[in-house]
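Undergrad: Sequence and predicted structure are below.
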Amino acid sequence: MLEECSLCGLCKANCPIFDVLLKETDSPRGKIFSLKKDVITEDVLEKCSLCNSCKLNCPVDIDLPSLIREARKKLLEEKESERNRKMINNIRKFGNPFGELQEGETPEELYCC
Ligand code: SF4
Ligand code: SF4
């Protein structure tokens, strides 16, 4: 789908986020560009209300809201697995998910699975 975008910018006219922020990177076209280059950031992904307005003017029916939903899901999965990994390591190393020694404990006294 991304390949079909000609970066014409017609979608910018309907975007309420671009209307307020007036920043190309936050516009629908900017988001498409970042998605194409695989450099979209969490900050830019947050700046979309999924209102679907950008679809109205698009000559090639790019469904940017769906692409943003997918990118958010992927980001969440990556963050979740990183968080889980840290938690598991903390439980193994410190005996608790927070990575903290309890009062009076030394690492050697901790149960390790
Ligand atoms: S998403 Fe559609 S309207 Fe927006 S820049 Fe791409 S082709 Fe143009
Ligand atoms: S769906 Fe997102 S990018 Fe598209 S017009 Fe709405 S706020 Fe802008």
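TA: Looks like it arrived, so ask away. Ligands and ions are numbered 1, 2, ... in the order given.
Undergrad: With K55 as the reference, measure out to A71.
TA: 16 Å (CB to CB, to the nearest Å). All C-beta spots, glycine's among them, are computed from the backbone N, C-alpha and C.
Undergrad: So for the two, which residue has more residues nearby?
TA: In this view A71 and K55 are compared by other CB atoms under 10 Å, and A71 has more residues nearby, 19 against 16.
Undergrad: secondary structure element for the more buried one?
TA: Using DSSP states H and E, A71 falls within helix 64-94.
Undergrad: what helix or strand is the residue nearest to S34 when sequence neighbours are not counted on?
TA: The shortest distance from S34 to any non-neighbouring residue, by CB to CB, 6 or more residues apart in numbering, is to I40 (3.9 Å). Secondary structure from DSSP H and E places I40 outside every helix and strand.
Undergrad: and this structure, which residues reach ligand 2?
TA: With CB under 6 Å from any ligand atom as the criterion, the chain comes near ligand 2 at residues 14-17, 28, 31, 48-54, 64-65.
Undergrad: For ChimeraX, write a command that selects the buried ones of those residues.
TA: Buried members of the residues of the chain next to ligand 2, defined by 16 or more other CB atoms under 10 Å, are picked up in ChimeraX with:
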select :14,15,17,28,31,48,53,54,64,65
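Undergrad: how about the helix holding A71: buried residues?
TA: By 16+ other CB under 10 Å, the buried positions in helix 64-94 come out as 64-65, 67-68, 71-72, 91, 94.
Undergrad: Could you list every helix and strand that that helix packs against?
TA: helix 28-37, helix 42-46 (3 or more CB pairs under 8 Å, 6 or more residues apart in numbering; DSSP states H and E).
Undergrad: At the contact with ligand 1, which residues of this structure appear?
TA: Within reach of ligand 1 by CB under 6 Å from any ligand atom, the chain has these residues: 5-11, 28-29, 32, 57-60, 62, 64.
Undergrad: Closest one to ligand 2 out of these, please.
TA: P28 (4.0 Å; CB to the nearest ligand atom).
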